[in-house]
Structure formats: structure tokens, C-alpha cells
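Novice: Following is a predicted model, sequence given first.
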Amino acid sequence: MKTLTIKVLPRSSKNEIVGTLPDGTLKVKLTAPPVDGEANKKLIELLSKEFGVAKSKVRIVRGETSKMKVVEIDV
């Protein structure tokens with residue numbers, strides 16, 4: 001199990017992992033707005049593709065309604 005801290009930037013031009021902040025936080029851009037969990041769905045989709053796992057293996061542990069999230073990935 002891999003645990004990641006992620007900073008989400010919603011309403012961007014494309015879905016992509018931009019890089020890592022100095023504290024190790026992953027910076028992720030998403031096209032979806034932060035409404036009705038749309039950005040969370042896109043984040044799970046992006047991370048599942050990036051790590052080559054099923055979407056069901058990616059879950060948001062903390063920060064459902066925040067830009068700062070903690071995500072667990074079963075790898």
C-alpha cells in the first residue's frame with residue numbers, strides 16, 4: 001500500500017501530474033471543477049492509470065472536500 005499526499009489544482013487545462021513540492025506532496029492538475037466530487041473522480045481515474053491499478057484500488061483517505069488530499073493506492 002502506497003500513501004500519497006496530493007495538492008489538487010481543479011479547473012486546469014488538462015489532467016496531469018505536474019511534479020512534487022519540496023515537502024514531497026504530489027501536485028496534480030485536473031480539468032474537473034471541485035463540485036459534486038467530480039475532481040475526486042478525475043483524480044482517482046488519473047492515479048489508477050498512472051500506477052497501473054484498478055480504480056477500486058485507489059481511495060481518498062483524507063481531504064474529500066479539500067485541495068490537500070491523502071490517497072492510498074493498493075499496488
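Specialist: Thanks, I have it. Keep in mind that this is a model prediction, so the values were computed, not measured.

Novice: could you pull out the strands for the chain?
Specialist: 2-9, 16-20, 26-29, 58-62, 68-73 (DSSP state E).

Novice: Now mean pLDDT, mean neighbour count and distance to residue 43 too, for those strands, in CSV please.
Specialist: The C-beta positions use only the backbone N, C-alpha and C, and glycine is treated the same way. Shown next, in CSV, are those (pLDDT from 0 to 100; neighbours: other C-beta atoms under 10 Å; distance: least, C-beta to C-beta, whole Å):
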stretch, mean pLDDT, mean neighbour count, distance to residue 43
strand 2-9, 96, 16, 6
strand 16-20, 96, 12, 10
strand 26-29, 97, 19, 6
strand 58-62, 97, 15, 7
strand 68-73, 97, 17, 7
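
Novice: So which of these is nearest residue 37?
Specialist: Comparison of those against residue 37 by C-beta to C-beta identifies strand 58-62 as nearest, at 9.5 Å.

Novice: Given that closest one, what are its sheet partners and their directions?
Specialist: Strand 58-62 pairs in its sheet with strand 68-73 (antiparallel), by DSSP bridges.

Novice: Next, the contact list for the residue nearest the centre of the chain, please.
Specialist: Centre of the chain computed as the mean C-alpha position; nearest residue by C-alpha atoms, centre = their mean is residue 43, 3.8 Å away. Residue 43 makes contact with 6, 8, 28, 30, 60, 69, 71 under the criterion C-beta atoms under 8 Å, 6 or more residues apart in numbering.
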